Each structure stands twice: as structure tokens, then as C-alpha cells.
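> coords below, sequence missing:
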């Protein structure tokens, strides 16, 4: 099958686009919009369908400046059926399925067969279909997220549904099922087996675990360091905490959010979780009050002025209001929040204000073997320390980088603008 990747197979898609002169990219399962944003640089039109309204809205906010991308909210088979008559030489990237509480489809986890039925009924030529997460159909879906295996088609059902899409040539490569017109078999084989391609290395004597993705690595680090409490600084509506819960973290979470509207949403999120509390306060290196700039997308709000370049790249960052909020030093309240035996994971996402938070938490971090924070390669906010300064400051405190997670990027230039760094003190 090849390797398991967590993004679109870019080279395969570009090969198929050129081979069949494809114009439209059609995606089911928008998630964060990363695949659609990538496709916008290569296809004339991009249509991406998402059934989860918060994910749809977040993707629209983040990538709404892309003029050739249409973000569609709704059930993927139904929306596909409506969309198909207007498509021009499309490539279908089918990746809609339930994968945890933060996604759509808990009661109907995999709509793939209905999607393929809609595609087959349209009788499109050429019919080029790629299906992500092949491993979920080659074997029963994994036990993570309590998948209901009976709601997932087996390989025979998937192949039968693909067969109705014009008797294609079907192959599995890098966790993707690819179906193309049978006349292109030789070309696809030639692409997948280029001249001089090395034979697979012999299998090792003992099975080796797959390389973890970013989220899995974070969870493994938390387990290794015995983390049983997370301080979530800059929580917004609770997105980070919800991800932790979906990954199985059952320790205490304490969230801090200064914006009143976001805090109200955070309260609703935490209301049914007795191990998750929240505070309507900003953290800093001083006690007092300050004015926070409220961005259109809420989660980009900051105590610092935003740069004009950031707004050009992502208009949703633009400020639309200002709000006065209370500031506290974490060191002044940590004894009220954390129990002596708790081992802390400190996550800071405060849009350029991260070092201010750390300077008010020098006592607290003695109990925090892991710190996660956002760092920028250039100033997205005026006065924001860039990545070299952040790393240097943490190094002086005895921390070293143990993980780097990709963050915000400029999809027009392919530049990464921010990254999440995880530091450890052994």
C-alpha cells in the first residue's frame, strides 16, 4: 500500500491533472481547508463540501480570500448530486467520514458508497476518483474514536461502487485508492513505478511502529512526562480542549480566555465536563487591565496591533472591535488552580503575547515539564518576538525543542508564517 500520509497525494494529483487536462477539484470532507487551499493553486475551480458547520465556518474564515474556492455546507452525497451537472473535467477527492467528536457523521460514519453512487449516475468523462484512508477499507476501521465498523463498507463494496464509475483501473498507493479510466493504466503504472525506482527494503526482523503524526506525538509526549493537567492559555471557544478530549486525555483542563463572547462559548463547551474549568481573564506578566483587539474571526484577537501583511494574507484577522479585559499573572493564581501533585502541560496561544505570559509564570513552569506555544517566523503582530527570540528565552529557562508542528501559512507563496513548538525540560 505504501506509506500513510496525512495530506493530499500532491504529485499523483498533479500527474492526473496533466494527463486528463482536469479543470475542477471536488473534495468531500473539508476539515480545516488545507487540501482545498492547496488545490486552488493548481485547478481552475475548487469545490469542497463539509457537513460540520463549525469546521465549514472556520475553513471559510481562514481561506475565504481564495476566489476560486467554493465552500459548501451540507451532506456530501446530496451536495455532490447538486454540483455534478455544472462540473468541468473534475477530479474527485473523497475524504468525508467521521473521525471524532469534532467532526460530522457520528450516526452515519462513512458516506462513501452514496458519494460514489452520485458520481456514477452523472456519467462523467473522464472519471478520475481518489479515495483517502484506504486502510479503513482494506481492514476494519480502527478502534480509536469508537468507530462503528458496520457503518463502513468493506473493500468489495468499494470496488463494486467504483466499478459502476466506468469500469476503471483501480490501484492503491500511499493510503489512497485511485480509480482512473482503464485506457490510462500504462501511464499510471509508469508514474507509480518510475525507471530506476528502488526495490522495497527487506522487512526488519521485528515490526516497527509507524511514525506518529503531530497529534499522536503530542499525546505520546504527554504520557511520557506523566501529564495530568493542562493549562490552556488563549482557549477561545475550547477547540484545543475538545481535541484533547477526543484523543483520550482525561486529566484536568483549566482554560483562560479574555474575550467575553468567546468565553461564553467556552463555558457552554465545558458545562458538562466536571474536569474542565475556565476563567474569563487574560494572562500576562502584570496584574491589571488591558485592551484586547478583537479580530473578525475571534481566534486571531491580540493585545498587540496586527500587521498589514497579516490582514492581506488572511482578511479574517482584521480587527473589528476593542474590549477591556482583566489581566493576571499565572504565578499569582496557580496555587488556587493546581493541586500540588499535578504535573502541568502549559499551552499558550496568545497571538504574539506568549513571552508576556511566560514572564508571569516563572514559578509555575517549574511544575511544567512540557510547554507548547506558537512562534512566528516574522512579525504577524507589531512588537511580537519572532521564533529565534522565543527559542532563546526558553533555552535560558532550561527547555529544549522536542516537537515542531506546522501552523499558519501563506497559501499563495507556500511560506509557513507560524509554527507550534513543544519544549521539554528533563
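That came through fine. Treat the numbers as computed from the prediction; the structure is a model and nothing was measured. Numbers count the residues shown, from 1 in each chain.
> what's the helix or strand harbouring residue 77 in contact with?
Taking DSSP states H and E as the definition, residue 77 sits inside helix 76-83. Identification of contacts with helix 76-83 by Cβ atoms under 8 Å, 6 or more residues apart in numbering yields 26, 28-29, 47, 49, 51, 72, 96, 111, 114-115, 117-119, 121. C-beta here means a position set from N, CA and C on the backbone, and glycine is covered the same way.
> any of those residues buried? List them.
26, 28-29, 47, 49, 51, 72, 96, 111, 114-115, 117-119 (16 or more other Cβ atoms under 10 Å).
> any chance of those in a markdown table, plus secondary structure, pLDDT and distance to residue 350?
Output for the buried ones among the contacts of helix 76-83, formatted as a markdown table (DSSP: H, G, I helix; E, B strand; the rest coil; pLDDT from 0 to 100; distance: Cβ to Cβ, whole Å):
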| residue | secondary structure | pLDDT | distance to residue 350 |
| --- | --- | --- | --- |
| 26 | strand | 97 | 38 |
| 28 | strand | 95 | 35 |
| 29 | coil | 92 | 31 |
| 47 | strand | 97 | 35 |
| 49 | strand | 96 | 33 |
| 51 | coil | 91 | 32 |
| 72 | strand | 96 | 33 |
| 96 | coil | 89 | 34 |
| 111 | coil | 92 | 38 |
| 114 | helix | 94 | 43 |
| 115 | helix | 95 | 40 |
| 117 | helix | 94 | 47 |
| 118 | helix | 94 | 44 |
| 119 | helix | 94 | 45 |
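> make CSV from the residues you listed and add distance to residue 137 to it.
Listed next are the buried ones among the contacts of helix 76-83 as CSV, based on distance: Cβ to Cβ, whole Å:
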residue, distance to residue 137
26, 20
28, 15
29, 15
47, 24
49, 20
51, 20
72, 25
96, 14
111, 13
114, 15
115, 13
117, 16
118, 18
119, 16
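> of all those residues, which comes closest to residue 343?
residue 29 (36.0 Å; Cβ to Cβ).
> re the thing from before, tell me the one of the contacts of helix 76-83 nearest residue 184?
residue 119 (17.2 Å).
> which one of the contacts of helix 76-83 is nearest residue 352?
Out of these, the member with the shortest distance to residue 352 (by Cβ to Cβ) is residue 29, at 32.0 Å.
> and that closest one, how far is that from residue 76?
Taking Cβ to Cβ, to the nearest Å as the criterion, residue 29 is separated from residue 76 by 7 Å.
> same check on residue 180?
Residue 180 is 21 Å from residue 76, by Cβ to Cβ.
> residue 21 now?
Distance from residue 21 to residue 76, by Cβ to Cβ: 26 Å.
> neighbour count winner among the two?
The residue with more neighbours, out of residue 21 and residue 76, is residue 76; 26 against 8, by other Cβ atoms under 10 Å.
> distance of the residue nearest to residue 66 when sequence neighbours are not counted from residue 412?
If the residues on either side of it in the chain are set aside, residue 66 comes closest to residue 40, at 4.6 Å by Cβ to Cβ, 6 or more residues apart in numbering. Remark: distance between residue 40 and residue 412 (Cβ to Cβ) = 9 Å.
> okay, the two: which has more neighbours?
Shown here are residue 40 and residue 412; by other Cβ under 10 Å, residue 40 has more neighbours (21 against 13).
> where does residue 125 fall, phi/psi-wise?
With angles defined as degrees, to the nearest 10, residue 125 sits at phi -130, psi 130.
> thought it was touching residue 180?
No. Contact between residue 125 and residue 180 fails when scored by Cβ atoms under 8 Å: they sit 11.8 Å apart.
> these two: which has the busier surroundings?
The neighbour count for residue 125 versus residue 180, taken as other Cβ under 10 Å, is higher for residue 180 (23 against 10).
> you'd agree the more buried one is up against residue 16?
Yes. Using Cβ under 8 Å, residue 180 makes contact with residue 16 at a distance of 6.7 Å.
> now the common contact residues for the two.
In contact with both residue 180 and residue 16: residue 128, using Cβ under 8 Å, 6+ apart.
> now do the closest residue in space to residue 277 that isn't next to it in sequence against residue 423, distance only.
Nearest residue to residue 277 in three dimensions, chain neighbours excluded: residue 254, at 5.4 Å (Cβ to Cβ, 6+ apart). Residue 254 sits 20 Å away from residue 423, going by Cβ to Cβ.
> I appreciate the help and will end here.
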